[in-house]
Structure formats: structure tokens, C-alpha cells
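**Student:** dropping a prediction and its sequence here:
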Amino acid sequence: NMKMKFGGSLGKYVHVALGGSAIGAFVIDFEAAGAVMGYGSLAIGTEEQFLNIAYGRGSSSTSDRGSTGLSLSGAFRVGRSFRIYGEYMNFEDSFGDNLPFVLAGASWFNRNHIVDFGFGLVPIQIDFDQRSSVPFPFISYGYRF
């Protein structure tokens with residue numbers, strides 16, 4: 001996952017941003033998949049602890065139409081350059097179904113760089129009317145301007 005985000009502060013505790021993300025993945029049978037997404041976000045809090053809500057639109061290599069997504073996340077600083085966080089995302093797939101994703105992890109960061117890592121649960125289609133969730137490791141890098 002690579003992401004870029006540009007933002008500013010509306011006050012001491014309110015921050016807004018516009019961003020984009022490009023995601024690549026290898027699935028169990030080693031086929032590659034990818035997605036791109038643009039989003040807007042609103043963060044409430046400080047660098048030490050915050051809640052963030054984001055809404056965006058994107059497309060993937062596995063679908064012939066775009067999808068929308070909503071994300072709610074939060075983080076808590078546990079050291080000078082480390083924090084723990086969680087995120088819940090809900091995307092609409094090409095059939096109009098909602099796909100919830102859950103991430104839990106940690107971040108190393110400094111003024112311009114951030115590396116997120118941890119585990120998540122992703123929904124998969126078992127057959128036409130049955131879904132399950134599969135755990136997966138993740139790592140992402142972000143550059144802050």
C-alpha cells in the first residue's frame with residue numbers, strides 16, 4: 001500500500017485532508033490484484049491520539065466498475081515514534097454488496113515518513129451465498145508533506 005495525503009488544520013483539534021492510495025496484493029494462488037482510491041478525511045484529536053473518518057471512491061483490477069468506501073480509524077501514541085491503531089473500512093463491491101475490512105496494527109513515524117504494519121481480516125467469497133474472513137499481514141508506507 002502506498003499513499004499520499006495533503007491536509008491542513010481547521011483548529012487545534014480538527015484537521016482535514018485529501019489523499020490517494022494505491023494497493024497491491026498477492027492472493028493465495030499467487031495472482032496479483034490492485035486498487036487505487038482517492039479520498040477525503042476529517043481527523044479529530046492530536047498527534048498523540050485521534051479519531052479519523054474518511055470517504056472515498058476507487059477502482060480495482062478485479063472489478064469493471066468503481067466502488068465507494070468509508071473508513072473509521074483511531075490511534076494512540078505509545079512512544080516518541082510509535083503508535084497503535086485500529087481501522088474499520090466498509091467497501092461496496094461490484095455487486096453492490098458491502099465488504100467490511102478490519103485492521104489492527106502499529107506505526108513507526110517521524111516528521112515525513114510513516115510505516116504501518118499489522119494484521120487484518122478481509123472478507124472472501126466461499127460460494128455464491130456464503131462469505132468468510134481471512135487474516136492477512138500488511139505493511140504500508142506513507143510520505144507526509
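**Tutor:** That came in fine, so what should we check first?
**Student:** can you tell me who the residue nearest to residue 133 when sequence neighbours are not counted pairs with across the strands?
**Tutor:** Nearest residue to residue 133, sequence neighbours excluded (Cβ to Cβ, 6 or more residues apart in numbering): residue 121, at 4.3 Å. Every C-beta, even on glycine, is put in place using the N, C-alpha and C of the backbone. Applying DSSP bridges to residue 121 yields these beta-bridge partners: residue 102, residue 135.
**Student:** surely residue 121 and residue 137 touch.
**Tutor:** No - judged on Cβ atoms under 8 Å, residue 121 makes no contact with residue 137 at a distance of 11.6 Å.
**Student:** of the two, which one has the most company?
**Tutor:** residue 121 (14 against 9; other Cβ atoms under 10 Å).
**Student:** ok, that one - contacts?
**Tutor:** Shown in contact with residue 121 (Cβ atoms under 8 Å, 6 or more residues apart in numbering): 101, 102, 133, 134, 135, 136.
**Student:** and if we set it to 10 Å?
**Tutor:** 100, 101, 102, 103, 104, 132, 133, 134, 135, 136 (Cβ atoms under 10 Å, 6 or more residues apart in numbering).
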